[in-house]
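Novice: I would like the atomic coordinates for the input below:
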Amino acid sequence: MRKVIRVLKTPVTLLLLLAILGYGAKWGYDQATKDTSKPDAACVMQDVGDYLTSDKVTVRVLNGGETGGHAKNTRFFLISHGFHVTHYNNSDRKVETTTVIGNSADDPEVKLVAQMFDGAVTEGDGRADHVVDVIVPTPYQDRKNPPEPKVAVTGPVCLPVITTASAEPTEETVTPTPTPSETPTKKKK
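Specialist: As a prediction, the model looks like this:
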């Protein structure tokens, strides 16, 4: 009996290790070939009434200038006017004037964001999610006295769903509104 166990122990161990290796190879192949691209988040048709207001618009802010800090300043400026700013960072694209990019240059959310900046130009790139990108140049160009952030609309508007901040951060979490102590103040010259 002892001899039979000794004879079977090596092949059974090898078969078990081969099964574990095969499972690991299959799992690794599945992970390597998995489609990790994020599908385009489609917008949702929303009835916003007669006017589209800033609390319904989602914005990403990018610094397209030479001087740092403009995206952060623009973020605070837009948040203070009720916009949902989900992201701010630097841009590879350099711009000379504030550039507002959305699905179409004529979309109401693009027009609403553009009215917050003096001399802003609008562009459309066909994006499906209807999030608006703002690329700010050097020098910083917000409006000193912007109008009330609203644009007249007729019928429903296609907008991204705005999620609220939760205890556990996710990619979808919206940046909360800063407290007055976080809001940067301009230095007097």
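Novice: Let me see the ranges of the strands in the chain.
Specialist: Listed in chain order, the strands of the chain (DSSP state E) span 44-46, 51-53, 58-63, 84-90, 99-102, 121-124, 132-136, 150-152, 157-159.
Novice: Who does the longest one pair with, and is each partner parallel or antiparallel?
Specialist: Using DSSP bridges, the strands paired with strand 84-90 in its sheet are strand 58-63 (parallel).
Novice: For the strand it pairs with, give me every contacting residue.
Specialist: 69-71, 74-75, 78, 83-91, 93, 113, 130-136, 159-160, 162, 174 (C-beta atoms under 8 Å, 6 or more residues apart in numbering). C-beta coordinates here come from the backbone N, C-alpha and C atoms, glycine included.
Novice: Kindly recompute the last result at 6 Å.
Specialist: The contact list for strand 58-63 (C-beta atoms under 6 Å, 6 or more residues apart in numbering) reads 70-71, 74-75, 78, 83-88, 90-91, 131-136, 160.
Novice: Take those residues and, keeping just the buried ones, write it as a PyMOL select command.
Specialist: In PyMOL, this line selects whichever of those come out buried by 16 or more other C-beta atoms under 10 Å:
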select buried, resi 70+71+74+75+78+83+84+85+86+87+88+91+131+132+133+134+135+136+160
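Novice: Contact partners for G124?
Specialist: Counting by C-beta under 6 Å, 6+ apart, G124 touches 103-105.
Novice: circling back: mind checking the strands of the chain for the one nearest to L15?
Specialist: Counting by C-beta to C-beta, L15 lies closest to strand 84-90 out of these; the figure is 51.7 Å.
Novice: which parts of stretch 151-163 are buried?
Specialist: Buried-residue list, stretch 151-163, by 16+ other C-beta under 10 Å: 151, 153, 157-160.
Novice: Neighbour count and distance to Y29 for the contacts of G124 - can I get that in JSON lines?
Specialist: Compiled in JSON lines, the contacts of G124 are given as follows (neighbours: other C-beta atoms under 10 Å; distance: C-beta to C-beta, whole Å):
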{"residue": "N103", "neighbour count": "19", "distance to Y29": "38"}
{"residue": "S104", "neighbour count": "15", "distance to Y29": "42"}
{"residue": "A105", "neighbour count": "15", "distance to Y29": "45"}
